[in-house]
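> model the structure of this input:
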Amino acid sequence: MIDSLFGSKTRVKLLHLFLNNPEKSFYVREITRLIDEQINSVRRELANMVSVGIVQSDNIDNKLYYSTNIGYRYLEPLSVIFSDKRNLQGNDSSKVWAKTLSRMSNIKVIISAGKLVGDTDGKIDLLLVGDISAADAGSLVKKIEKVENNELNYSVMSYEDFYYRLSVRDRFIMDIIEGKHSVLIDTENILRKE
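Here you go, the predicted structure:
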């Protein structure tokens, strides 16, 4: 849905990258690796973003680096839309279940997405990673559904499976991570930005 709103998947990924890393500069090949898109589409979108003013370019050591233009007029509202820090723990109902989830020592990663972060087109609303049985996950999700007053789509997987799928850039995992989401728990810092 957000791709349609902003014109292209590459543009959305670029906005996500720059708005979540306003203090960093990136060169083109680095960007293509980070967002996993073709270099031509990245260059085209970067040129558009520079002409609009949201991104600025600097030539350093014969390399063209791109960074967020901190003085851009609409930086703040765009940052809210693309922020990785859309924490559900801001509203009271979410605090209740986020606290419950954090007490479970066998859960290593929890990512909320979809309805839980305001994305009605999301395929999944909650990803639970760790040593948790399907029955425990089901009862846990029922409690969250009751608090949120919404039926949720969720997935449970082992940490090893998640780590492998993340390392091979599995489409299911990448759709969650590249889309609108919030990392509630990440005990191993596997999702930490470098």
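
> tell me the spacing between Ile132 and Arg171.
23 Å (C-beta to C-beta, to the nearest Å). From N, CA and C alone the C-beta is placed, and that goes for glycine too.

> and what of Ser155?
Ser155 is 13 Å from Arg171, by C-beta to C-beta.

> quick one, which of the two is more surrounded?
Ser155 (17 against 9; other C-beta atoms under 10 Å).

> A helix includes that one, no?
No - under DSSP: H, G, I helix; E, B strand; the rest coil, Ser155 falls outside any helix and is assigned strand.

> where does it land on pLDDT?
For Ser155, the model assigns a pLDDT of 94.

> that one and Leu128 touch, don't they?
Yes - assessed by C-beta atoms under 8 Å, Ser155 is found in contact with Leu128 at 7.2 Å.

> domains of this structure?
With automatic domain parsing as the criterion, the domains of the chain are listed as 2-82, 88-186.

> so where's this protein uncertain?
Applying pLDDT under 70 to the chain flags the ranges 1-5, 84-105, 193-194.

> dump the domains of the chain to CSV, plus distance to Arg192.
What follows is the domains of the chain, written out as CSV (distance: least, C-beta to C-beta, whole Å):
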stretch, distance to Arg192
domain 2-82, 12
domain 88-186, 7
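
> show me what contacts Leu78?
15, 19, 54 (C-beta atoms under 8 Å, 6 or more residues apart in numbering).

> kindly recompute the last result at 10 Å.
6, 15, 18-19, 54, 68, 72 (C-beta atoms under 10 Å, 6 or more residues apart in numbering).

> ok, those residues vs Asp186, which is closest?
Leu19 (20.3 Å; C-beta to C-beta).

> burial count for the closest one?
Neighbours of Leu19 (other C-beta under 10 Å): 20.
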